[in-house]
Each structure stands twice: as C-alpha cells, then as structure tokens.
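Colleague: Any chance you can model this:
(2 chains)
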2 protein chains.
Amino acid sequence: MASSLLTRQLAISLQQNLCLAAPGCRYVSRTATKTVSEFEYDAPSMKTAVPGPKSQELMRQLGEIQNVGAVHFFCNYEESRGNYLVDVDGNRMLDVYTQISSIPIGDKSFLCESLFSQSAFVNRPALGILPPENFPDKLFESLLSIAPSGMSRVQTMACGSCSNENAFKSMFIWYRNKERGYASPSEQEVGTCMINQSPGCPDLSILSFMGAFHGRTMGCLAATHSKAIHKLDIPSFDWPIAPFPKLQYPLEEFVRENAQEEARCLEEVEDLIVKWRQKGRPVAGIVIEPIQAEGGDNHASPDFFSKLRNIARKPYRIFNTWMGDPSKNLFLSEVLNVIRRENLLEEVTRSGKALLQGLYALQTQYPHILSRARGQGTFCAIDACNDATRDSIMLKARNKGLFMGSCGEKTIRFRPALVFKEYHVHQLLNILNNILAEHK
Amino acid sequence: MASSLLTRQLAISLQQNLCLAAPGCRYVSRTATKTVSEFEYDAPSMKTAVPGPKSQELMRQLGEIQNVGAVHFFCNYEESRGNYLVDVDGNRMLDVYTQISSIPIGDKSFLCESLFSQSAFVNRPALGILPPENFPDKLFESLLSIAPSGMSRVQTMACGSCSNENAFKSMFIWYRNKERGYASPSEQEVGTCMINQSPGCPDLSILSFMGAFHGRTMGCLAATHSKAIHKLDIPSFDWPIAPFPKLQYPLEEFVRENAQEEARCLEEVEDLIVKWRQKGRPVAGIVIEPIQAEGGDNHASPDFFSKLRNIARKPYRIFNTWMGDPSKNLFLSEVLNVIRRENLLEEVTRSGKALLQGLYALQTQYPHILSRARGQGTFCAIDACNDATRDSIMLKARNKGLFMGSCGEKTIRFRPALVFKEYHVHQLLNILNNILAEHK
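Modeller: Alright, predicted model coming up:
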C-alpha cells in the first residue's frame, strides 16, 4: 500500500515540480541563471550493477598504488549534475551522501561559470602572511555573513581536522593564559615546552563524548570515539569521555525519558571534570557535535546543549603555511548566493519534512526492518535491525540508482545537497520502498 | 669592490639573458607557450615603504576579525608574475620566499591558461570513496613520475601536517601489526582504544630532532622543536628528541669536524631508542627533514642519513573525507610539465650555484655581519650576527624590493621559485650588497 502511495506521490510531485514531458537529461544551455531543475537530470538511470566494469578496472589500476578498500565506484564528474552522480559506466544515481556530506549544493553545480575566471583557484597565497586584497571583504561576504550572533571574528583553516586541532590549541592557550594571569611565560615553561614536558606542555585535557567524531589527526583522534578502526594502535591522550545521550525517537513521544537521559549525561560531565582535575589533567574545553553524525546520527535537545554550555562556562598562536584556501572562501560566497537566490533553506525544510514523514511511514510498514527515524531538515537517519540488513539495503539501493551513506552500527544516513527537492524525496522513498517490499 | 663586481655581473647577465631594451613590464600577450622572461617583469619597482598605506588600511580591516600579527602586506595577485610579487600599493618585489616556500614555479604563472578549464577546481570529490576517472592516470603523471626509486605507492593528503600525522599513524599501525604477528587485534585492544587507553592506544613514540619542524597539529607538534611559541601551553607526548648535527660551513672545509658531530648525534639516537624502550614507550619510527629548514637551514651529509636509515631498519587505516584535493594534483602535473619543458632544474642548479657563490662573497666582505652561507640548489641560507641585524636587513631589503624569509634564530632563508634565473640572483645580491654597504 505504501508502495503505490509513494508511486502516486512521486507522479504528482514530478508533474507539479517539473511539468515533466520526456525522461532524460534536462540540462540546457549554460546561459544566464539556471534553476536546479533546469540544470540537472530528472531521475536515476542505471546501465550496470555498481561498481560496473569500468569502475572495476580503474579500481584494479588504483589498487596497485594505494589502498582502495573504501572506493565505491569511479565518477564522471563532468556528467554529474545537482543531485545526480554519474559513474564511469554511465550509471546515474540520486546522491544523498554528497561526498561524505561535504558539498552543499550538489555536484558540478552552476557555480562553475562564475568561478572559473577567479585566479584564486590557481594562485594559492599563504593567507597568514600575504593575503590578497579582497580577503577581508570575502570573509565578510562568506563566513561572517552566516556566523552565529556574537561571533564577530573568524580564522580560516584548510579542513575540519585542522580547524579542530587549532580549536583545541586555542582552548589550551586560553586556559594557561588565564592560569598565569596573562603574564609572560616563565623561562622554565619556555624551556620545557621544547622537549614536550610540563609545565611548558601542560597536562590539560579536552572532554569529548562517546560516539563522537572530530577528525583523525592525533589531537582530534583523542576526542573521537565512534569506531575502533579509527583509533586502534595510535597512541592517545588520557582525556575524559562522557556519554552522549541515547534518546528515544520520535523525540516528541519520549520527552520525559529523554530529559532523564540527558540529565544523566550532564551529571556525568560534571563528575568527569572534577575527577580529571583531581587527576592533575584539568579539562580546558569541551567538544561536541550538534548532531552526533558518524557515531550514528544521535540527537540531543537544545536544553541539553544550553546546560552543557553553562557547565563549560564554570571553566594566537594559531598559524600554519596556508591558513585555509581562499578559493574555498570564494566557493562559500557563491554557495551562499545560490542558497539565498533560490530560497534553498525553505526548500530543504519542506523536503526534509517530506523525507522524515516518508521514513516514519516506512518504519511503520516495515517495523521488523526499520526503526528510530530521526532528523533535522534533510539531515536524516533511520536504523536497520542489524548491520548486515543495513548494508544489504544500501547495496541494493545503489544498484537501483540511490546512493546513501551509513553511520553508527546499523544506521543509514541521508545527506542530500541543499538542492534536494520534494520530488527527489519521492524518488528516494520509492526506491527504498521497492527494496523493502522485496526484502526477505 | 664586490658591489661594482655585482653590478657588472648583473649588467652582463641581463644582457645575455634578456637582451634588455627598456625597463618595465615584459608581459606579452597570453598566447602559446611563454618562457619566464617573456612572462614576467624585469626588475623590482618600489612606490612606497612596505607595508604601504593601502596595505595598512587592509590590515586594520582584517585586524577587526582576526589576528594579523604575521601579515607582511596585502598582495595584488592579478599583477604578480613569476618571481615578482606586487602588493596592493603597487610595489613590485623580487620574491625569494614564495609563500613560505610553497609555490614551485612562481606567482600567477603560465599555468593559469591550461588549468582554468579543469572542473576539478570547482568540483571537489571525496577521493577515498568516489575518485574521478582520471585519478590513477594523474597520480602516475604527477607524484609517481618523480617518486624516489623503490617507492611505487602513493597516498594523497591535503596538506603537510595531515601527511605527517598519517605517516606517524602508519608507523604505529605497522609497528603494532608486526608486534602481534599480523593477527587480529584482541577484544581488549578494541575496547581500550575507544577510551584512549593501552593496549588499544599503545605507548609508542616517534623519535624527532631538536630544531625540527613537522607541522602544528598535535601529533606533528610533538615532533616539532624549532620555536617555543609553536609549542607553549599545548599538551604533548613524551617522545625522544635527538640532537640534529650542528655542522660548520662550508661543509667541504670541515669534513673531519662535521663527521665527528654527525657520529655524536647518531650515537645519541641509538641511546634514546634504548632508553625509550626501557621506559615502555618504544620508538615506532623516526622523522627528520632532509634539510632542517624552519630550525635554521641546518644541513647533514648523505652519510648521516644513510646511517640513520640503517638504525631505523633495526626497528590502512589511513583515511579522511577529502584524501587530498585533485586540483592540487593537476597543478603538480602542470608544474612538472613546465619544469621539464623549460629545463628548470638545470637553470636552478646554475642560479643556485651563483647565489651561493654570491653569498660567500658577501660574507667574505662583511664577516662582522654575515657567516655560515650554505645551500643546495637555490635552497640557500646565511646567518646574520644576531636576530636584530637579521630583521633589520630583511626590512631594508623589503623596502628596496627584495622579499626574503627568515628561519632559526638569526638566519635569512632564500626560497625562490624554480623560475629563478641567474639575473634574478644578481638583482638579489645587488640589493643585499647595497644594504650591507650602508649597514652601521
């Protein structure tokens, strides 16, 4: 029943959104401003199982020079557009994983035209010493234009791990500056830091949460606790790890139970801070994800974060060669222009709601397979009954033209781009439903 | 005398290399293949002191949103070409610092034309899971085409720190795999690693050298020992630190003394390895720079490195979101093409020799100011008598249109691009000589 419902929804949605006549590529000439639906394809289209023969041959070639264990397939990025990723075998898939949730408005986007003329893409300055003339302006146009209120300063870095490493370092420097009353460091501190010893390199810690993922460089890794494979064999720091709330979903049905669980975790945070102070490794800072993603898409309430911040309130020498990459800043400027011009946040709120409702419908129909649908916007997830089932669903979906991600032990994660519309939701739900209906 | 000699050399060299008629910009139309001298300017040209008024105003603006303590001036990268960096006040400087020694063939190079059409610059794939079709080919064309013999595999990363962090992790994983006889990890190891404890997170170490610079993320920073300001207040690992040989220059005049010094350092390396094994933190790997740069441009002999390797011989789960950036790989491919097409290695061997000879001449003429000239290729350095003199020479040089870098306590470092020709050497020596002649 859900299957036909979904199919009907899809048809209606496609009519409404696309005035669809014939299938195939809707890509038109590269002139003027294009909307997403003018720019991209209208549906998945599969020619082979994935990975197809060309991908397999390329995997063999690349396998001779590096580990290819994580490669899904090889892509034809010239042909990929918007929500659709095209592989080298000509398979066109609806992409709700978006380069590990890293490209905000889809593949090969309409950005190309305006950006190709920018020299920032081939001239990379060391921003910390020789910034280009437009650097302050571009920071105001991009990062600062969307900074949370009260955040009036910004430091660019080249990637997430680097940002977190430097955030940790800032916390340590801030903590020690406060401890010595903003006086100059002692000779002993300057001397001992050169040989990795305290007091120059102090025994301070960062409190993180079980299930967290903050990156895989050695500082970040000490705050990461999502998968053993990330951490095994790598020396680490003795830093405290608090439990992240394990909430029951949908959140609005378990308000009391979830509040209790969050209170338990906050109490543990306070205990750990005391314990590590007694150990002689005081907590200089706390790091937490707004939604714990890699660890399984675990949510917590605004109340939890606000109380955690209250706990944290009781407790520049940030530099490297590149200090980020101005071409990425230009990207962000353009991405923000597109988001505003096309009202993508409204769109994605609408499609996120449709996605979550669809996932609720699927878990109601297949309660032995799916549970714990959850999400904010299109940042959604659902659990399978076990990891084998999750993996099997994902592989089948890929062969039907739906490319999704996984996280946690048995979670499917949805990370579509911001150009993901309601009709894409229905394509997704339709493919998922077909797979579940066939599932033994 | 050296001054006039240099001036004469400069004039001859300019005639030979440029058939110079009129001063000014030699930039010609952007068609076909251009050589360096067709592409760039022919001399520095200064309009204001540096930083000029426009740079100062931009510093004030940027200072409102981030720390600008390290900013020298703001650049006009559209106007910068080859060996000449142009600032926003219209000052044109001979650039022998090249974005902290990071852009191989100069500013705004002739690469632009061929690269602008590449979509890799605006479509960034997560290389570890969804590489583009041309990825294996491009790796062979770029990194592997210049890999040392015997190195047949390559893993790209986005920056130097990330590469080193992952190199360290590889050493730890390799060491532990060997220790457990390539068997699967125990349950205890898998369990303890999630909470940062041994045996899952083992007490292993990396041996590094005093004066080293390997990056500023927390793992790299534990192997970095060049300046206290990099390390102060940041928790670190108890890892062994060996002395880097302090050689006397020119190397060929102090063969016996330098061999003794290198032997002393190697002996210390062996002692530290034993000591840290006894401490329960065995050394899993050694990290060293071929020329210790940030620490003061310290050289060691091929014999030293070969013996260190012999010591090291007695003792994949490498992944992140981007796994590098394919646009940088395309860069490298193009850079290598230019290097081969223009015989830049031959050129730079010639100009490096001229640079070092020139530095020898200067230190002979100004022995109270300069000493220890050293270098390989154009990777050259010279020491001033103290840091204040070094800094003063550098500021005066900048105002005369020569932009250099510093390292160590009192060292000037030269890091020109590979398009640095003999006539650029003479420009450089001429400016330096004028400053030294005026120096009190």
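Colleague: quick one, domains of chain A?
Modeller: A:53-110+A:343-438, A:158-312 (the TED database).
Colleague: Save those domains as TSV, and put in distance to chain B too.
Modeller: (Each C-beta comes from the backbone N, C-alpha and C, glycine too.) Listed next are those as TSV, based on distance: least, Cβ to the nearest Cβ, whole Å:
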stretch	distance to chain B
domain A:53-110+A:343-438	4
domain A:158-312	3
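Colleague: Tell me which of the ones you listed is the most buried.
Modeller: Among these, ranked by average contacts under mean count of other Cβ atoms under 10 Å in any protein chain shown, first place goes to domain A:53-110+A:343-438 (a mean of 20).
Colleague: Now do the phi/psi pair for the one residue sitting closest to the centre of chain A.
Modeller: Taking Cα atoms, centre = their mean, the centroid of chain A lies closest to residue A:101, which sits 4.4 Å from it. The phi/psi pair for residue A:101 (degrees, to the nearest 10) reads phi 60, psi 50.
Colleague: chain center to the longest helix seen in chain A: distance?
Modeller: Counting residues, the longest helix found in chain A (DSSP state H) is helix A:255-278. Distance, stretch centre to chain centre, for helix A:255-278: 26 Å (Cα atoms, centre = their mean, to the nearest Å).
Colleague: Can you pull out the residues in contact with the helix or strand just after that helix?
Modeller: Note on helix A:255-278: by DSSP states H and E, the next helix or strand toward the C-terminus is strand A:283-286. For strand A:283-286, the surrounding residues in contact (Cβ atoms under 8 Å, 6 or more residues apart in numbering or on different chains) are A:167-168, A:171-172, A:174-175, A:204-208, A:240, A:269, A:272-273, A:276-277, A:308, A:311-312, A:315.
Colleague: Now with 6 Å, please.
Modeller: With contacts defined as Cβ atoms under 6 Å, 6 or more residues apart in numbering or on different chains, strand A:283-286 is touched by A:171-172, A:175, A:204-207, A:273, A:276, A:312.
Colleague: Tell me which of those fall in helices.
Modeller: Counting by DSSP H, these place A:171-172, A:175, A:273, A:276, A:312 in helices.
Colleague: Tell me which two of those residues sit farthest apart.
Modeller: With Cβ to Cβ as the measure, no two of the ones in helices among the contacts of strand A:283-286 lie farther apart than A:172 and A:273, at 15.7 Å.
Colleague: Run through the stretch 251-400 of chain A and note the low-pLDDT ranges.
Modeller: Along the stretch 251-400 of chain A, the parts satisfying pLDDT under 70 run over A:316-322.
Colleague: Sketch out the strands for it, chain order is fine.
Modeller: A:283-286, A:370-376, A:379-384 (DSSP state E, counting those that start in this stretch).
Colleague: all helices for the stretch 51-200 of chain A, in order.
Modeller: Using DSSP state H, counting those that start in this stretch, the helices of the stretch 51-200 of chain A run over residues A:53-63, A:98-101, A:111-115, A:135-141, A:160-179, A:187-193.
Colleague: Kindly format the C-alpha coordinates of the second one as PDB.
Modeller: What follows is helix A:98-101 as a C-alpha-only set of coordinates in PDB (Å, rounded to 0.1, in the frame of the first residue of the first chain):
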ATOM      1  CA  THR A  98      27.200  14.200  -1.200                       C
ATOM      2  CA  GLN A  99      30.900  13.400  -0.800                       C
ATOM      3  CA  ILE A 100      30.600  12.400   2.800                       C
ATOM      4  CA  SER A 101      28.200  15.300   3.400                       C
END
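Colleague: quick one: average confidence on it?
Modeller: Averaging pLDDT along helix A:98-101 yields 80.
Colleague: Repeat that for the third one.
Modeller: Averaging the model's pLDDT scores along helix A:111-115 yields 53.
Colleague: looking at this, residue A:43 is in a helix?
Modeller: No - per DSSP: H, G, I helix; E, B strand; the rest coil, residue A:43 lies outside any helix segment and is coil.
Colleague: give me the number of residues near it?
Modeller: Residue A:43 is flanked by 18 other residues according to other Cβ atoms under 10 Å in any protein chain shown.
Colleague: Against residue A:361, how distant is it?
Modeller: 21 Å (Cβ to Cβ, to the nearest Å).
Colleague: what do you get for residue A:100?
Modeller: 28 Å.
Colleague: Equivalent analysis for residue A:347, please.
Modeller: Distance from residue A:347 to residue A:361, by Cβ to Cβ: 21 Å.
Colleague: for residue A:163, same thing?
Modeller: According to Cβ to Cβ, residue A:163 and residue A:361 sit 38 Å apart.
Colleague: for residue A:372, same thing?
Modeller: 14 Å.
Colleague: Dihedrals phi and psi, the residue lying closest to residue A:257 once chain neighbours are set aside?
Modeller: Nearest residue to residue A:257 in three dimensions, chain neighbours excluded: residue A:248, at 5.7 Å (Cβ to Cβ, 6 or more residues apart in numbering or on different chains). Backbone torsions of residue A:248, given as degrees, to the nearest 10, read phi -100, psi 140.
Colleague: gap between stretch A:331-348 and the chain center?
Modeller: 17 Å.
Colleague: hey, what's the closest residue to residue A:390 other than its chain neighbours bridged with?
Modeller: Leaving aside its sequence neighbours, residue A:390 sits nearest to residue A:384 (Cβ to Cβ, 6+ apart; 3.6 Å). Beta-bridge partners for residue A:384, by DSSP bridges, are residue A:370.
Colleague: Does residue A:384 touch residue A:410 like I think?
Modeller: Yes - with contact defined as Cβ atoms under 6 Å, residue A:384 reaches residue A:410; the gap is 4.9 Å.
Colleague: okay, and the common contacts of the two?
Modeller: Common neighbours of residue A:384 and residue A:410 (Cβ under 6 Å, 6+ apart) are residue A:390.
Colleague: Who are the packing partners of the longest helix of chain A?
Modeller: Applying 3 or more Cβ pairs under 6 Å, 6 or more residues apart in numbering or on different chains; DSSP states H and E, one finds that helix A:255-278 contacts strand A:241-242, helix A:302-313.
Colleague: Other residues contacting that helix?
Modeller: Helix A:255-278 has contacts (Cβ under 6 Å, 6+ apart) with A:205, A:240, A:242-243, A:245, A:247-248, A:283, A:304, A:307, A:311.
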